[in-house]
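> quick check, what structure comes out for this input:
(one chain, ligands or ions: 1)
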Amino acid sequence: MLRPLNVADYRELARRRLPRGVFEYVDRGTEDEVGLRALRTALDAVRFAPRVLRDVSALDLSTEVFGRRQPLPVIAAPTAMAGLLWHDGEVQLARAARDAGIPFCISTQSTTSIEDIAAGAPGAELWFQLYVWQNRTLTGELLARVRAAGASTLVLTVDTPASPKKEWNVRNGFGVPIAPSLRGGIDVALHPRWLLRVLLRRALASGLPTYAHYPEAFKTRITRAAAAPDLRLAANVTWDELRALRRQWPGRLVLKGILRADDAQQALDCGADGIVVSSHGGRNLDGAPAPIDVLPAIADRVGTKITVLADSGVRRGSDIAKYLARGARAVMLGRALLYGTAVAGTAGASDVLAILRDELERTLAFVGQPCAAALSAADLGDPPGVSSSRGG
Ligand SMILES: Cc1cc2nc3c(=O)[nH]c(=O)nc-3n(C[C@H](O)[C@H](O)[C@H](O)COP(=O)(O)O)c2cc1C
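You can find the predicted model right below:
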């Protein structure tokens, strides 16, 4: 392949470069991957209702998220362990986001700490994604650290009360945390460039990759079998705890993983500033609905009162347009940016953003809607009854 022309090309290059276990960790879904396939089917089923003879010579792709205008309606989604894709992967990704003027959401499970990402990508707009640990004291300490590091927005992920069943992870010998296995060892040995440039480089600089936000006393290498019970993800987080978190966290609070209008309403009632309509990229509940399908009902219910974001399955600029038209204010990008990072660090992630920007521009022109933020149900060929309203 001479030059990657789209996200699928980046995915293929990433597949060749990464050990199979790492690539599958990024790329795949859970159980039978029904939810993962449903994302594509649902996005492909959305059709535009193009208008002709409109002046589309000046396109506006900008949007406002929490009072801040950004040139592209996208946000870098929180993704665990991007540091396994490229040396300093999270910093590389944060720089690409900064250069594009979009927020970068750091994962609780990143291999680089929020402090190091802030230092490595000065000027980046940093959000932080929180997984609540079983030990709430330690979770509180993490929050204080996140606040001190200057994160503007806290994204509480609410769709992971259990560990997803990823059978391929077991088979390819690359479970997370990584358990040493013969198969995994052979896989890594077959990818010497990754071994040298990513794993060994990191190991020499700062030791083997770890979950960087885990407290020192508990920090286990990713190569250890399991996280300490204190740091397992809590299965008993409820709306009451959300209300307490709302009192504790002074910044913006976003709930990620909402798929029902009544839950969106509860989020609003509990004082959340925003939600992400998301199926976690088809990585958690295999029977989850496609966010694009449930988004209109959710946006209709709360879209004028809180900020509605969405993600899962975006591989083309037209997918971004579809999410916006169905009621999202901006869209989070997970794998698309990770493929780019795996191929060329910041340059790869930046190129993926440039490709998506170009595709979004073309889509707007074809649809006859010069302004991305103005996309609405009227730009889609949806049957009556599927609508959306944006606001907040
Ligand atoms: C490798 C990988 C790791 C992820 N880690 C997290 C995480 O730590 N926290 C979280 O809330 N979501 C996580 N996600 C989900 C993303 O934030 C996002 O919801 C999803 O990737 C969107 O789908 P897409 O990859 O099709 O764009 C992860 C996704 C991937 C691909």
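> drop to CA atoms for contacts and neighbour counts, all remaining ones
Noted.
> for the residue nearest to the spatial centre of the chain, which residues are in contact?
In the chain, the centroid-proximal residue (C-alpha atoms, centre = their mean) is residue 77; its distance is 2.3 Å. Residue 77 sits next to 104-106, 332-334 when contact means C-alpha atoms under 8 Å, 6 or more residues apart in numbering.
> quick one: what helix or strand has residue 308 in it?
strand 307-311 (DSSP states H and E).
> quick revisit: any idea how far the residue nearest to the centre of the chain is from residue 104?
7 Å (C-alpha to C-alpha, to the nearest Å).
> with residue 114 instead?
From residue 114 to residue 104 the distance is 11 Å (C-alpha to C-alpha).
> again, but for residue 234
Taken as C-alpha to C-alpha, the span from residue 234 to residue 104 is 25 Å.
> these two: who's more crowded?
residue 104 (27 against 17; other C-alpha atoms under 10 Å).
> per-residue pLDDT, the more buried one?
For residue 104, the pLDDT comes out at 98.
> please apply the same query to the one 10 residues further on.
With respect to pLDDT, residue 114 has a value of 98.
> give me the low-pLDDT residue ranges for this protein?
Applying pLDDT under 70 to the chain picks out residues 175-179, 219-227, 387-392.
> max-length helix in it?
When the chain is parsed with DSSP state H, its longest helix is helix 335-367.
> how about it, does it reach the ligand?
Yes. Counting by C-alpha under 6 Å from any ligand atom, the ligand is contacted by helix 335-367 at residue 335.
> what comes up buried for that helix?
335-353, 355-357, 359-367 (16 or more other C-alpha atoms under 10 Å).
> what do you get for stretch 267-287?
267-268, 270-287.
> ok, now stretch 302-312?
Buried residues in stretch 302-312 (16+ other C-alpha under 10 Å): 302-303, 305-312.
> show me where the stretch 1-150 of the chain has its strands.
For the stretch 1-150 of the chain, the strands defined by DSSP state E, counting those that start in this stretch occupy 63-65, 68-70, 74-76, 104-106, 126-130.
> for the longest one, which strands pair with it and how are they oriented?
If I follow you right, that is strand 126-130. Counting by DSSP bridges, the strands paired with strand 126-130 are strand 104-106 (parallel), strand 153-157 (parallel).
> residues touching residue 118, list them.
Contacts of residue 118 (C-alpha under 8 Å, 6+ apart): 124, 126, 149.
> if we can go back for a sec, restrict the contacts of residue 77 to contacts with the ligand.
333-334.
> turn the contacts of residue 77 into CSV, columns for distance to residue 203.
Formatted as CSV, the contacts of residue 77 follow (distance: C-alpha to C-alpha, whole Å):
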residue, distance to residue 203
104, 25
105, 25
106, 21
332, 31
333, 28
334, 26
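> out of the contacts of residue 77, who's the most crowded?
residue 106 (30 neighbours).
> report the beta-bridge partners for it.
Beta-bridge partners of residue 106, as defined by DSSP bridges: residue 128.
> hang on, isn't it packed against residue 128?
Yes. The criterion here is C-alpha atoms under 8 Å, and residue 106 meets it with residue 128 at 4.8 Å.
> for these two, list the residues in contact with both.
In contact with both residue 106 and residue 128: residue 78, using C-alpha under 8 Å, 6+ apart.
> one step back: which of the strands of the stretch 1-150 of the chain sits most buried?
Most buried of the strands of the stretch 1-150 of the chain, by mean neighbour count (mean count of other C-alpha atoms under 10 Å): strand 104-106, with a mean of 28.
> ok now stretch 54-63, how far from the chain's centre?
26 Å (C-alpha atoms, centre = their mean, to the nearest Å).
> actually stretch 360-367, not the one I typed
The answer for stretch 360-367 is 24 Å, by C-alpha atoms, centre = their mean.
> contacts for it?
48-52, 56-57, 59, 61, 316-318, 320-321, 370-372, 379.
> quick one on the thing from earlier: got CSV for the strands of the stretch 1-150 of the chain, with distance to residue 258 too?
Output for the strands of the stretch 1-150 of the chain, formatted as CSV (distance: least, C-alpha to C-alpha, whole Å):
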stretch, distance to residue 258
strand 63-65, 18
strand 68-70, 23
strand 74-76, 17
strand 104-106, 17
strand 126-130, 15
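> show me the contacts for residue 235.
134, 161-162.
> quick one on the thing from earlier: and the contacts of residue 118, which is closest to residue 294?
Nearest to residue 294, judged by C-alpha to C-alpha, of the contacts of residue 118 is residue 126 at 28.0 Å.
> quick one: contacts for that closest one?
Taking C-alpha under 8 Å, 6+ apart as the test, what residue 126 contacts is 103-106, 118, 150-153.
> in CSV, list the residues you listed along with distance to residue 12.
Output for these, formatted as CSV (distance: C-alpha to C-alpha, whole Å):
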residue, distance to residue 12
103, 26
104, 24
105, 25
106, 25
118, 31
150, 36
151, 33
152, 35
153, 33
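> for the residues you listed, work out which two are farthest apart.
118 and 153 (14.1 Å).
> contacts for the longest strand along the chain, please.
Determined from DSSP state E, the single longest strand within the chain is strand 252-258. Contact with strand 252-258 is made by 152-159, 246, 264, 267, 272-280, as judged by C-alpha under 8 Å, 6+ apart.
> between strand 252-258 and the next helix or strand after that strand, find me the angle.
Once strand 252-258 ends, the next helix or strand along the chain (criterion: DSSP H and E) is helix 261-269. Interaxial angle, helix 261-269 versus strand 252-258 (axes from the mean of the first three to the mean of the last three C-alpha atoms, to 10 degrees): 170 degrees.
> so helix 261-269 versus strand 307-311, what angle?
130 degrees.
> of all of the stretch 51-200 of the chain, which residue lies closest to the ligand?
The stretch 51-200 of the chain approaches the ligand most closely through residue 79 (3.4 Å), counting by C-alpha to the nearest ligand atom.
> for that residue, list the residues it contacts.
106-107, 109-110, 334.
> from memory residue 11 sits against residue 339, does it?
Yes. Applying C-alpha under 8 Å as the test, residue 11 and residue 339 come out as touching, 5.2 Å apart.
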